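[1] Next come a sequence and a model predicted from it.
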Amino acid sequence: MAVLGLVVWRIPVFDFILAAAGVVLSSIALARHEIKGLSIAGICVGGVGALLGLFWSVALIISVGTTYT
């Protein structure tokens with residue numbers, strides 16, 4: 001989920017859903033002490049995907065609100 005969130009970071013709605021799901025699922029796996037390395041990687045990748053999606057969303061909002069004369 002986190003990797004998919006990173007792949008589709010230019011689609012704001014899907015990015016946040018996938019990145020959040022990846023972070024939540026990775027946190028659950030980390031709490032259960034299943035696979036620590038992959039869990040930490042999932043949290044990091046999901047966070048990066050969410051930040052890229054947030055940056056892209058803000059850039060789109062700014063570009064739509066800007067008028068060119």
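    That came through, no problem.
[2] Buried residues of the host helix or strand of V13, list them for me.
    When secondary structure is defined using DSSP states H and E, the element that contains V13 is helix 12-31. Of the residues in helix 12-31, 12, 15-20, 22-23, 25-26, 29-30 count as buried by neighbour count, 16 or more other Cβ atoms under 10 Å. Where C-beta positions appear, they are placed from N, C-alpha and C, glycine not excepted.
[3] Hmm, D15 is touching G49, no?
    Yes. With contact defined as Cβ atoms under 8 Å, D15 reaches G49; the gap is 6.1 Å.
[4] The longest helix along the chain: which residues count as buried?
    Ranked by number of residues, the top helix in the chain under DSSP state H is helix 36-65. Of the residues in helix 36-65, those buried by neighbour count under the rule 16+ other Cβ under 10 Å are S39, G42, I43, V45, G46, G47, G49, A50, L52, G53, S57.
[5] out of those residues, who's nearest L6?
    Looking at these and their distance to L6, the nearest is G49, at 3.8 Å (Cβ to Cβ).
[6] Can you check the pLDDT for the closest one?
    Note for G49: predicted pLDDT of 86.
[7] That one and L6 touch, don't they?
    Yes. Because the distance of 3.8 Å satisfies Cβ under 8 Å, G49 is recorded as touching L6.
[8] shared neighbours of the two, anything?
    Counting by Cβ atoms under 8 Å, 6 or more residues apart in numbering, the common neighbours of G49 and L6 are A19.
[9] So V8 is in contact with F14, correct?
    Yes. Under the criterion of Cβ under 8 Å, V8 lies in contact with F14, with a separation of 5.1 Å.
[10] Against which helices or strands is the one helix or strand V3 maps to packed?
    In this assignment (DSSP H and E), V3 forms part of helix 2-7. With contacts defined as 3 or more Cβ pairs under 8 Å, 6 or more residues apart in numbering; DSSP states H and E, helix 2-7 has these neighbours: helix 12-31, helix 36-65.
[11] now the ones you listed as TSV including distance to A2?
    Compiled in TSV, the helices and strands packed on helix 2-7 are given as follows (distance: least, Cβ to Cβ, whole Å):
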stretch	distance to A2
helix 12-31	3
helix 36-65	4
